[in-house]
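**Student:** Below is the sequence, then the predicted model.
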Protein chains: 2
Amino acid sequence: MIDFLALVNNRQSDRKYLDTPVEEEKLRRCLEAARLAPSACNSQPWKFIVVNDAGLRDSLAGLTTSGRLLPLNHFTRQAPVLVVLVMEQPNLTSRFGEAVKNKKYTLMDVGIAASHFCLQAASDGLGTCMIGWFDEPGVSKLLNIPSGKRPMLIIALGYPAGKKRQKKRKDPDRIVSYNTY
Amino acid sequence: MIDFLALVNNRQSDRKYLDTPVEEEKLRRCLEAARLAPSACNSQPWKFIVVNDAGLRDSLAGLTTSGRLLPLNHFTRQAPVLVVLVMEQPNLTSRFGEAVKNKKYTLMDVGIAASHFCLQAASDGLGTCMIGWFDEPGVSKLLNIPSGKRPMLIIALGYPAGKKRQKKRKDPDRIVSYNTY
């Protein structure tokens, strides 16, 4: 079996990219890994908009930077591909569950699909960064996303230019317990 | 590099388990893969309660089955381990983002961590099923989860007894577009 833990250790949020295009085949594999992700009631409540047109990608990148408020996400201008993850209406079973249990399964589903995308990228030597902070109405307008559907994440994709960092995570003792909280 | 797509194809939601214990080392690797998952602002808003005490696990399984309403999740009684994923309060940066952008990053984070857990299990020959439908107040009481913290998912873990199924997913054309919705 493959060593998934090594892949997990290798994946990081990359915020510097080389000026190298992403091969269509590698992009396709990332999308395929995301497509095969599990979701509540197999609802698959997601759509991926691949933005690789240079002008459009620049406009989209501009909507992630919050220029006036915070110096955020300027690396999105370097990434050759930006992928917008739109949360779709789930199927009836999942919607019923969400209503009864007051729990937004769809958002967890979006996270799962995004993680599949990024792990596949890492396994093909690509870098990614999931971005949740952007001008949502602006993105919807730029990409003609129908009203009522929300772009939840933007994934930057490209060949990373930065170094591998040591991961900073909470100690296992703080996040794992046995048989009681 | 490892073939992540093969692992994704291999992972499935298993609803039949063998009466075989899960090795402590394999469980630890699943938890480690989840611990290293990315999250908004590296907030890591999660805690994992491993339920492997036989009596407690039976009680917890009973809270997932919705016996009176729907014949759901009865396989949880077979799984030797159930892991409850509690959503924790995110850090200040992530909370600020959630408030400004009206977007529950924390829920996506929980989905990402759960997917890491399940993929690691698959890479070690184990089966999993993420369960979002359960008696949440009952689970909180059983496991002494503080009020204000929500158990969002329960992951069943064990050696699968069922066959591999063909995945049913939407066609790529339905979920992928380029440069516009």
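**Tutor:** Received it, and whenever you're ready, just let me know what you need. Residues are numbered from 1 along each chain as shown, chains lettered A, B, ... in the order given.
**Student:** For chain A, just list every one of the strands.
**Tutor:** A:46-51, A:81-87, A:127-131, A:150-158, A:176-178 (DSSP state E).
**Student:** Would you reformat those strands as TSV and include mean pLDDT and mean neighbour count?
**Tutor:** C-beta coordinates here come from the backbone N, C-alpha and C atoms, glycine included. Output for the strands of chain A, formatted as TSV (pLDDT from 0 to 100; neighbours: other Cβ atoms under 10 Å in any protein chain shown):
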stretch	mean pLDDT	mean neighbour count
strand A:46-51	98	22
strand A:81-87	98	23
strand A:127-131	98	24
strand A:150-158	98	24
strand A:176-178	98	16
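**Student:** Dump those strands to CSV, plus distance to chain B.
**Tutor:** Below are the strands of chain A laid out as CSV (distance: least, Cβ to the nearest Cβ, whole Å):
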stretch, distance to chain B
strand A:46-51, 5
strand A:81-87, 7
strand A:127-131, 7
strand A:150-158, 7
strand A:176-178, 5
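**Student:** okay, the ones you listed in JSON lines with distance to residue B:28 next?
**Tutor:** Shown next, in JSON lines, are the strands of chain A (distance: least, Cβ to Cβ, whole Å):
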{"stretch": "strand A:46-51", "distance to residue B:28": "31"}
{"stretch": "strand A:81-87", "distance to residue B:28": "31"}
{"stretch": "strand A:127-131", "distance to residue B:28": "26"}
{"stretch": "strand A:150-158", "distance to residue B:28": "30"}
{"stretch": "strand A:176-178", "distance to residue B:28": "9"}
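**Student:** Among those, which comes closest to residue B:130?
**Tutor:** Across the strands of chain A, residue B:130 has its closest neighbour in strand A:46-51 (15.9 Å, Cβ to Cβ).
**Student:** who does the closest one pair up with?
**Tutor:** Strand pairing for strand A:46-51, using DSSP bridges, gives strand A:81-87 (antiparallel), strand B:176-178 (parallel).
**Student:** Can I get it in CSV, CA atoms only?
**Tutor:** Only the C-alpha atoms of strand A:46-51 are listed here, as CSV (Å, rounded to 0.1, in the frame of the first residue of the first chain):
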residue,chain,number,x,y,z
TRP,A,46,-19.9,20.8,-5.7
LYS,A,47,-18.8,22.4,-8.9
PHE,A,48,-15.3,23.3,-9.9
ILE,A,49,-14.6,26.3,-12.1
VAL,A,50,-11.1,26.2,-13.5
VAL,A,51,-9.8,29.6,-14.1
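**Student:** Can you check what angle separates that strand from strand A:150-158?
**Tutor:** 50 degrees (axes from the mean of the first three to the mean of the last three Cα atoms, to 10 degrees).
**Student:** quick one on the thing from earlier: any chance of the strands paired with strand A:46-51 in JSON lines with distance to residue A:9 as columns?
**Tutor:** What follows is the strands paired with strand A:46-51, written out as JSON lines (distance: least, Cβ to Cβ, whole Å):
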{"stretch": "strand A:81-87", "distance to residue A:9": "23"}
{"stretch": "strand B:176-178", "distance to residue A:9": "29"}
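**Student:** for the ones you listed, which one sits closest to residue B:86?
**Tutor:** Nearest of those (Cβ to Cβ): strand A:81-87, 23.1 Å.
**Student:** From the chain's centre, how far out is the closest one? Work that out for me.
**Tutor:** Relative to its chain's centre, strand A:81-87 lies at 7 Å (Cα atoms, centre = their mean, to the nearest Å).
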